[in-house]
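J.: make a model of this:
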Amino acid sequence: MRLGVKPLVFLGRLLLFFFLTYVLWRPLEPAYTQLLATLTSGFLHLTERSSDPNFNQVTNMHVRETTEGRPAIFYQHRRFPTVQDGIPAEWVQANLVLLIPLMLATPARTYQQKFKRLALALGLAVLLQVLDIAVTVKALYASSIPGYGPVARWLYGFGNSFVQGMDTQLFPFAIWGGIHFNQLLGLGSWAPVKARAPAATAAGGRVRSGRPKGKKTERRA
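T.: Below is the predicted model of the structure:
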């Protein structure tokens, strides 16, 4: 595996970036939570489009603080107001505190390449977080609102458990490993340089030594 640095150096960088990300993320968390709620609400409204006004875009979503003073995403079904719940923002965003240090600690040829990779990783993380929240909302609807069949309830329940388990534990490593796949395995341009063979001569690839053929030395009397 070619990381360009020694393992202990990589570990040191990872711990340093992890500390900095953890400290700097706290003031950014409310704004990012609002962005995430807006994106998820728009995605849910796309899935809830209906000609019947009673079933058209039925999810109301907003951000407010919990009793502990931390931001959370709350949602409520417009037609069934008792069907409501909240998702602590830190549960959804915990993967970023690990993903960002992984991306920054991994060496790249240039800073431009490093930050392009970071932008790609963050984009994938946002898509997965939106999907995570949307599945959680649908799982509550399927278990609390009449009209959902047993198959739909099982699928949404399984999907909710799956994304919650994978989001903070596997998704950061999957995104990081996928972006740096060739680099981690030493493939493509990251493959080790092979030792070059000795250069052959133009005539048959053999190196001549000694006296030229066909000529004999004259012996002096």
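J.: now for this structure, the helix or strand with the poorest mean pLDDT.
T.: helix 181-185 (a mean of 77; mean pLDDT, DSSP states H and E).
J.: against which helices or strands is that helix packed?
T.: With contacts taken as 3 or more Cβ pairs under 8 Å, 6 or more residues apart in numbering; DSSP states H and E, helix 181-185 sits against no other helix or strand. To be clear about C-beta, it is placed using only N, CA and C from the backbone, and glycine gets the same treatment.
J.: how far is it from where the chain is centred?
T.: A distance of 15 Å separates the centroid of the chain from that of helix 181-185, by Cα atoms, centre = their mean, to the nearest Å.
J.: ok, now stretch 82-90?
T.: Counting by Cα atoms, centre = their mean, stretch 82-90 comes out at 24 Å from the chain centroid.
J.: mind checking the end-to-end distance for it?
T.: 25 Å (Cα to Cα, to the nearest Å).
J.: give me the contact list for it.
T.: 29, 32-33, 36, 63, 66, 70-77, 133, 136, 140-141, 144-145 (Cβ atoms under 8 Å, 6 or more residues apart in numbering).
J.: for this protein, what spans make up the helices?
T.: Listed in chain order, the helices of the chain (DSSP state H) span 7-47, 89-105, 111-144, 150-169, 171-179, 181-185.
J.: save the ones you listed as JSON lines, and put in distance to residue 58 too.
T.: Shown next, in JSON lines, are the helices of the chain (distance: least, Cβ to Cβ, whole Å):
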{"stretch": "helix 7-47", "distance to residue 58": "9"}
{"stretch": "helix 89-105", "distance to residue 58": "22"}
{"stretch": "helix 111-144", "distance to residue 58": "9"}
{"stretch": "helix 150-169", "distance to residue 58": "15"}
{"stretch": "helix 171-179", "distance to residue 58": "28"}
{"stretch": "helix 181-185", "distance to residue 58": "41"}
